[in-house]
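# Below are the sequence and a predicted model; questions follow.
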Amino acid sequence: MSEHVYKVIEVVGSSPDSVEKAIANAITRVGKDEKHVRWFEVISTRGHVEHGDISHYQVTLKIGLTLED
């Protein structure tokens, strides 16, 4: 493995569909502004309930970005 140095940011992705879609939404959005997205870690998962049904998912992520030389 190379000797990388990472910047870590924290974001919250959301989706009405699933936890996986909330994660994908966050990664896709960060990738539009940041280069070299390398990894993510799920910090927390939560949801919103309306009338007894899950209506929305939120996932907090730490995302690692490789710093350029």
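Great, that's in hand. These numbers come from a predicted model, not from an experiment.
# any idea where the helices of the chain begin and end?
Along the chain, the segments classed as helices by DSSP state H run 19-33.
# Strands of that one, start to end?
Along the chain, counting by DSSP state E, strands occupy 6-15, 37-50, 53-66.
# what about Val19, how many neighbours?
16 (other C-beta atoms under 10 Å). Glycine gets a C-beta too; all of them are placed from N, C-alpha and C.
# Please spell out the segments of the chain that come in under the pLDDT threshold.
Across the chain, the ranges flagged by pLDDT under 70 are 1-2.
# quick one: furthest residue from the center of it?
Relative to the centre of the chain, and counting by C-alpha atoms, centre = their mean, the farthest-placed residue is His51 at 27.4 Å.
# could you dump the strands of the chain to CSV with mean neighbour count and distance to Ile23?
Formatted as CSV, these follow (neighbours: other C-beta atoms under 10 Å; distance: least, C-beta to C-beta, whole Å):
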stretch, mean neighbour count, distance to Ile23
strand 6-15, 15, 6
strand 37-50, 12, 7
strand 53-66, 16, 5
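# for Thr45, what are its contacts?
Listed by C-beta atoms under 8 Å, 6 or more residues apart in numbering, the contact set of Thr45 reads Val19, Tyr57, Gln58, Val59, Thr60.
# wait, which of these is closest to Ser44?
Relative to Ser44, the closest of the contacts of Thr45 is Thr60; by C-beta to C-beta it sits at 4.5 Å.
# In contact with the closest one: list those residues for me.
So Thr60 contacts Glu10, Val11, Val12, Val42, Ile43, Ser44, Thr45 (C-beta under 8 Å, 6+ apart).
# Please report how far the fourth one lies from Lys35.
So the one you mean is Val42. 22 Å (C-beta to C-beta, to the nearest Å).
# Report the contact partners of Pro16.
Counted by C-beta under 8 Å, 6+ apart, Pro16 has contacts Ser55, His56, Tyr57.
# Out of those residues, which comes closest to Thr28?
Nearest to Thr28 among these, with distances taken as C-beta to C-beta, is Tyr57, at 15.4 Å.
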